[in-house]
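Undergrad: starting from these lines, generate the structure:
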Amino acid sequence: MKGIFLLLGIKATLVMGLFAQDEVVQPRILILPYTSSGENALEQFETDFSYRTVVTEISNALNERGFKPDDLQEIIQRIKESEAISTLQGVSFDPVERILQYSSSDIAIKAEVYVHTDAQEAHSVQINLRALDKVSSKILYAMNFDATPHFKTDDYGYLGRRALVENDQISKFVEGLNASFSDVRENGRSISCYIESNDNSEFSLGEEVTDDYDLLSDILIDYVKQNAYKGNFRIRNNSENQLYFDEIRIPLQDENGVNFSPDDFAREFRKFIAKTCSAFRGERVNMPGVIVNNGIIRIILP
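TA: The predicted model follows:
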């Protein structure tokens, strides 16, 4: 018997210096089953007690270390009621994406849980955890846990607990995860941004748009310099048709303590480009919309 679980979804309330002292509320966790074998893990979660038992043990272990788990079964039930369905099997929408939307989480932890069975019908469990920023899909922290010894038991709760606490591995993972959160709070969230011209664009990145002969790409790089969190950004490509920032750091919250997202950055960047190009032409230009997906911003020049 082999299973792989995807532990997803962590909502982190990360307070950034807006109070007398920094307060960090541990992330909320959503555990979502996943298999790489093509099986419907969500169906297995709903119907297989062993699956639910292992998921519960992961949730309990993190709960004991200060995290606040979301109730996956409750979220699934809300989706069923909203969509008027009885199961997530064969639905027209992506159930994983829908569950994440309902959980309002912004950090994901993927956990692969392997259950091995030997010739004597004894079982062993191994867990690999990988934490990602759900907004940007950037990996925050990863850790492979040691496999448990083989036991002749069908108590997967025990096997799950043993896999997590063997050599206190779960605490080591939590320490690494917390260190990663501290880095995000200190240095901001990492996103990417493509700015491109296509056949419908009237502007190119190599066009001079100021009296000082500044190229449009120069102006846009200056904007990112001024608006990236603590000035942290990196350019991967700068050509006539594409300016690619493979990393721009943005704050988790704005100056008013409101959550700040890649969509917020993209909206302001798009308006800046539109105003820059309009000022150069002396008339309002038509600026295409912006695509934001998994922390990647795509902007097409007018």
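Undergrad: list the contacts of residue 248.
TA: Residue 248 makes contacts with 190, 191, 192, 193, 224, 228, 232, 233, 265, as judged by C-beta atoms under 8 Å, 6 or more residues apart in numbering. Where C-beta positions appear, they are placed from N, C-alpha and C, glycine not excepted.
Undergrad: out of the residues you listed, who has the most neighbours?
TA: Highest neighbour count within these, by other C-beta atoms under 10 Å: residue 191, with 27 neighbours.
Undergrad: same for the one helix or strand that one maps to, what does it pack against?
TA: Assessed by DSSP states H and E, residue 191 sits inside strand 189-196. Counting contacts by 3 or more C-beta pairs under 8 Å, 6 or more residues apart in numbering; DSSP states H and E, strand 189-196 is packed against strand 242-250, helix 262-281, strand 296-300.
Undergrad: starting from it, tell me which strands it pairs with and how they run.
TA: strand 242-250 (antiparallel), strand 296-300 (parallel) (DSSP bridges).
Undergrad: now those as TSV including mean pLDDT?
TA: Converted to TSV, these look like this (pLDDT from 0 to 100):
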stretch	mean pLDDT
strand 242-250	96
strand 296-300	96
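Undergrad: residue 158: which of the ones you listed is closest?
TA: Residue 158 sits nearest to strand 296-300 of all these, at 42.1 Å, using C-beta to C-beta.
Undergrad: list the contacts of the closest one.
TA: 136, 191-198, 200-201, 262, 265-266, 269-270, 273, 288, 290-292.
Undergrad: mind giving me the ChimeraX command for buried ones among those?
TA: Buried members of those, defined by 16 or more other C-beta atoms under 10 Å, are picked up in ChimeraX with:
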select :136,191,192,193,194,195,196,197,262,265,266,269,270,273,290,292
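Undergrad: with distance to residue 49 added, can I get the helices and strands packed on strand 189-196 in JSON lines?
TA: Converted to JSON lines, the helices and strands packed on strand 189-196 look like this (distance: least, C-beta to C-beta, whole Å):
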{"stretch": "strand 242-250", "distance to residue 49": "43"}
{"stretch": "helix 262-281", "distance to residue 49": "40"}
{"stretch": "strand 296-300", "distance to residue 49": "39"}
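Undergrad: how many neighbouring residues does residue 293 have?
TA: What residue 293 shows, counting by other C-beta under 10 Å, is a neighbour count of 9.
Undergrad: what bridges to it?
TA: Beta-bridge partners, per DSSP bridges, of residue 293: residue 296.
Undergrad: what does residue 215 give?
TA: Assigned bridge partners for residue 215, using DSSP bridges, are residue 208.
Undergrad: gap between it and residue 250?
TA: Distance from residue 215 to residue 250, counting by C-beta to C-beta, to the nearest Å: 24 Å.
Undergrad: the more surrounded of the two?
TA: Remark: of residue 215 and residue 250, residue 250 carries more neighbours, 23 against 18, as counted by other C-beta under 10 Å.
Undergrad: for that one, name its beta-bridge partners.
TA: residue 189.
Undergrad: so how far is residue 266 from it?
TA: Counting by C-beta to C-beta, the gap from residue 250 to residue 266 is 10 Å.
Undergrad: can you check residue 202 too?
TA: 21 Å.
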